[in-house]
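Colleague: 3D, please:
(chains A, B and C)
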Amino acid sequence: MKAAIVLSADGISLQQQAHEIKSMLNTIEAGFSRVELWLFYKDLKPELFPKIDSPLSSIKLIKLANVHSPESCLQLLERLMGRYPMDMLLFASDGLGEELATRLACRLNGSSCLQVEECNLKSGKLEVIKPVYGNNLIARFILESFPCCLSVAKQPCCPIKMIPYEFVNIKECILDQAQPVWVKETRTICDESGTGLADADLVLVAGQGANNKETIDVLQGIANSIGAELGASRPVVMNAWIDMNRLIGASGLIISPKICIAAGVSGTGVFSAGIKNSGFIVAINIDGKAPIFQIADVGIVGDLKTVLLELEKVITARGKKKGHHQLPGSGKGPQ
Amino acid sequence: MMKIAVCFKIIADYDRMSPKDWAWDEHHIVDTRFVRRIFNCFEESALEMALKLSRPVENPSDKAELTALTIDDEKGDLFLKHLIAVGYDHGVRICCSRELDLRFNPMGISRLISAYIRQMGQTLVILGMQGGEGDNGQTGFLVAEQLGWPCVREVTEAIRTESPEFLKVTSRIDGASLVQIIKLPMVLIIGHSQESPYLRIPNLKQKLDAKKKQVTLLSEHELKVNNKIWFNTDKTLIDLQRQKTNQSCIFLEGKTARDQAQQLYNQYLKKRLPT
Amino acid sequence: MTLTRQAIVDHLIDIAGQDRVITDEQVLKENSHDRYKKLETIFGIYTTPIPAAVVKLADTKQVSDVLKFLNENKVNSVARTGGTATEGGLETIVENSVVLDGSQMNQIIKIDSTNMQATAQCGVNLGELEDRLREQGFTTGHSPQSKPLANMGGLVATRSIGQFSTLYGGIEDMVIGLEAVFPNGEITRIKNVPRRACGPDIRHVIIGNEGALCYITEVTVKIYKYFPENNQFLAWALDDMSLGFKILREVMVEGYRPSVARLYDAEDGSQHSFDQFAADKCVLMFMAEGNEYLANATARGIARVVEKYEECQPIDGRLIENWFDNLNWGPEKIAQERELIRKTQHMAYTTEVSGNWDCINTIYENAIKRIREQYPHMDDLTMLGGHSSHSYQTGTNLYFVYDYDVKDCKPEEEINKYHIALNALIVEETLKAGGSMVHHHGIGKYRTPWTRQEHGSAYYILKGLKDQYDPNGIMNTGTIYPVE
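Modeller: Numbering: from 1, shown residues only, chains lettered A, B, ... in the order given. Model (predicted):
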């Protein structure tokens, strides 16, 4: 079987995306006769490449004239597939990867699947596993026709090393590209500095049980004191109590800290997917029957603010990184 | 007048299902008939965003015609009526033969939607990022492919511009927000929108008026999508499995928060915390 | 001479210690109100005077010492545990009030399975007590929607009632004995006996006093064997409420005691998603509970009563069971409510009343009609309906529910424009028809204009209690007793 990994060299998540593809590739028992890396780039030709386990037969560098145009990428990929037909194409876990996988498979009369966690060759057909029913169940599918275009599942942060790949054939592909005529103007607004959530050892995740923005601010203070990063479930983010880039869950960040403290989170399937890879999960919730306790190692039934304030005292008293939080409105420390 | 179609699919409220409820029959159908139905969160944002888009505050007379479209059995009618009550001009339900399992067949769903759009002439189609039982995440892209239109994914906001042919669309890309002025027609796929998190609520009069209006029913035959090949899927379901859960959560029994925090730290966190 | 705010705080610190006297501004603001003034407080507007201090009481002796001090100096007090009161009962309407917070008196003192009693301090969370009892196969039978948050002291002080009351009764049927402290510092303990005729039942001076007569420090309640495996849900859809009331009455009069007996009109039902299986219909539902024989007989007997009426179409019990399992207010649901309110200025309120069988439908129809015809802001309403959820041999209660968009109105004026105005119409129709203006939420501070009318000549008895036990008027001024 022949496979190509398709990535954007200029993307800030390149190394993480490569790790996710590598993890998925490692679940395939069947061998590949050929694995290629197809990299889109805009200005600077890449010289370092993500180090994946499978031996690479070739690296193809494709210059992109319009960097925010999925249509351009699709047309280029169609032409590449015409010249270098592959049985399987692996795309990143992000929105672009999902769009390219779906639309390319449609154009090539192949099959596609997103959020693929595992994959296997069985009797000449590809079998994939992905979450369904709001991450409450996992489904196994047979993909009916080739080429199979897969966008892989998100994984906890583990960016891959970049290496020069000295002994692999690197080919530049300069192809004509039309400008998308429907876009009149484009502007990008880069995100402010990211959070340390992806690789923090200790993460505190706040849920709707926090009740209001003021409590979230208190929890941010506690997180700072104890050396933790603060994340949040979807309701907290959608209420604008915290920035979107701190969203934890299947449609946000997947994290795997050594310790995750989920406070006031009910624990839906979609959320749990975001923290289930943690080393140790503590759940604090006033409702002893909340689903979060089904994935927690240790549970506390109680008021999250009271418990966390006490935990902060205990941890900071042991000479960890000192800090103090401010109670809302008072400008003073705790009374 | 601009014509907009918003596609949605109601789902069972999975948060109201306990572990024992996740069971299925020999056809891999999970029985969720005893759980209430809700809009999924992305479609709720899509439905609200479309309402705002169709009735611009600056120029209320420049209304767009809004249609809510779903592929469902009669359960969908209540939600269509609700959407009419909050301001949708039309509620349309495509009803398919019961043997068709469209849960994991975004290709089939997109063919039905595209056939409707071609027939009715909307120039803007809005969908949520993912939903339905399958969480396929592909329907919007496939509708764009079927119609041959551009699409923008992970949209957080869409507003009108001075020119009626263009929309200003903000969406998420890797590490940034992308703001584009794009010419209609197009497909918009809605992600997390803090600008439009919830669907508005109708008042009593609006609900009463909506009761008098009819939902439009269409079959796949009327849309001329009745060749079985049209519903071929690119993937076949083999089996379902439960997600693994931890059966043995230890509950800390301290009498006060202080006791619980002490116990948590001394017994579990101290040895695990980074030094 | 009135003490200054600081002097009050200093004295309290002398009695209870610095750690137990809270003067943080945000904490004081949170403790100046309950769930009555939702909109204002969500926007951070606090029109009620902010209390001088919140005292986190340690034990009964401390309650006594603090009350004695307050009484001697005529300082108003407000007793508070879980904070889930809905009628303004916890508002500190007098300047420099002191909030007496019993939530730290949170020990479950004893679970006595021989005498089938559980004893808990006032600050014990009901949800926690229930969980502990269920581990041993018991239940209190008390399940108000506020269970995850409410504490025993407040539940008794407000004469609360739970979702299973049709079988287990209200809190007044559950309480065996009590300990309470009176304003002069007197600590009184009513012992735990099954029944006695040793003068009037003095427990009823304490149960329902809403902090206007004394401070409840400890409660003993009955416990029951818990058989959740035998629960059976039955439900029917029907066209109108008057038939629903008729059937409810018949079920009760025939002697059945389901733990749940509810009747929803179509509007109220729609906010619970009942319209998904009973569009434009009323829903009548029951849950049979108890040991296997009782539960089966109750379910069968109720079905026989209802099935006589052809207008009733059966509903799959699993739908109701799933809905019921998700009914309690968790803090998450309240948080969701708050944020939605902040974003959309959309409010939801209830007024709940009671009446005998012969007037309950009249109350329902007249109140709804009056609102539709006379309430000036009908266009702002997004929901108006009602349901019955606690039935008796002689009658039932009625919850009116109304949701509205707050239009052209400052947050602090919202409650007058909407809830108070609607509440007044409903209360008037109820009293006119011979019902009671409050079934279980308590009078609080906002139905006091009708306290005398509610009690009629019996107000003499109620007033006598206040004159006897709180002559200095330091116990939750403005609650139950109108400020003259």
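Colleague: can you count the residues close to B:E74?
Modeller: B:E74: 10 surrounding residues under other C-beta atoms under 10 Å in any protein chain shown. Backbone N, C-alpha and C define where each C-beta goes, glycine included.
Colleague: Secondary structure class of it, three-state.
Modeller: Under DSSP: H, G, I helix; E, B strand; the rest coil, the three-state class of B:E74 is coil.
Colleague: Tell me the spatial nearest neighbour of B:I201, not counting adjacent residues.
Modeller: C:T382 (5.1 Å; C-beta to C-beta, 6 or more residues apart in numbering or on different chains).
Colleague: can you give me the helices for the stretch 101-250 of chain A?
Modeller: A:213-226, A:234-238 (DSSP state H, counting those that start in this stretch).
Colleague: lowest-confidence stretch among those?
Modeller: Ranked by mean pLDDT, the helices of the stretch 101-250 of chain A bottom out at helix A:234-238, with a mean of 91.
Colleague: which strands and helices sit next to the helix or strand that it is followed by?
Modeller: Moving toward the C-terminus from helix A:234-238, the next helix or strand (DSSP states H and E) is strand A:259-263. Counting contacts by 3 or more C-beta pairs under 8 Å, 6 or more residues apart in numbering or on different chains; DSSP states H and E, strand A:259-263 packs against strand A:202-206, strand A:280-285, helix A:304-317.
Colleague: Convert the C-alpha atoms of the last one to CSV, please.
Modeller: Once side chains and other backbone atoms are set aside, the C-alpha atoms of helix A:304-317 remain, and they are given as CSV (Å, rounded to 0.1, in the frame of the first residue of the first chain):
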residue,chain,number,x,y,z
LEU,A,304,-15.1,23.9,44.4
LYS,A,305,-14.0,27.3,45.5
THR,A,306,-13.8,26.3,49.1
VAL,A,307,-11.9,23.1,48.4
LEU,A,308,-9.5,24.8,45.9
LEU,A,309,-8.7,27.7,48.3
GLU,A,310,-7.8,25.2,51.0
LEU,A,311,-5.7,23.2,48.5
GLU,A,312,-3.9,26.4,47.5
LYS,A,313,-3.0,27.0,51.2
VAL,A,314,-1.7,23.5,51.6
ILE,A,315,0.4,23.5,48.4
THR,A,316,1.8,27.0,48.9
ALA,A,317,2.6,26.3,52.5
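Colleague: Please compute how far that helix lies from its chain's middle.
Modeller: Its chain's C-alpha centre and that of helix A:304-317 lie 31 Å apart, by C-alpha atoms, centre = their mean, to the nearest Å.
Colleague: Correct me if wrong: C:G317 contacts C:L234.
Modeller: Yes: counting by C-beta atoms under 8 Å, C:L234 is a contact partner of C:G317 at 5.8 Å.
Colleague: can you tell me the helix or strand for whichever residue of chain C sits closest to chain B?
Modeller: Residue nearest to chain B within chain C: C:R318 (3.5 Å; C-beta to the nearest C-beta). Counting by DSSP H and E, the element that carries C:R318 is helix C:317-325.
Colleague: coming back round to it: I'd say the residue of chain C closest to chain B and C:F233 touch.
Modeller: Yes: between C:R318 and C:F233 there is a contact at 7.4 Å, judged by C-beta under 8 Å.
Colleague: which parts of chain B sit against chain C?
Modeller: B:16-18, B:33-37, B:75, B:78, B:197-198, B:200-205, B:207, B:211, B:255 (C-beta under 8 Å from any C-beta of the partner chain).
Colleague: And these, which of them are buried?
Modeller: B:16-17, B:34-37, B:78, B:197-198, B:200-204, B:207 (16 or more other C-beta atoms under 10 Å in any protein chain shown).
Colleague: Tell me how many other residues surround C:D59.
Modeller: Neighbours of C:D59 (other C-beta under 10 Å): 14.
Colleague: Show the contacting residues for B:I189.
Modeller: Residues in contact with B:I189, defined by C-beta atoms under 8 Å, 6 or more residues apart in numbering or on different chains, are B:126-129, B:140-141, B:151-155.
Colleague: for C:T394, that is, sorry about that
Modeller: C:T394 is in contact with C:356-357, counting by C-beta under 8 Å, 6+ apart.
Colleague: again with B:V86
Modeller: Listed by C-beta under 8 Å, 6+ apart, the contact partners of B:V86 are B:47, B:51, B:199-202, B:206.
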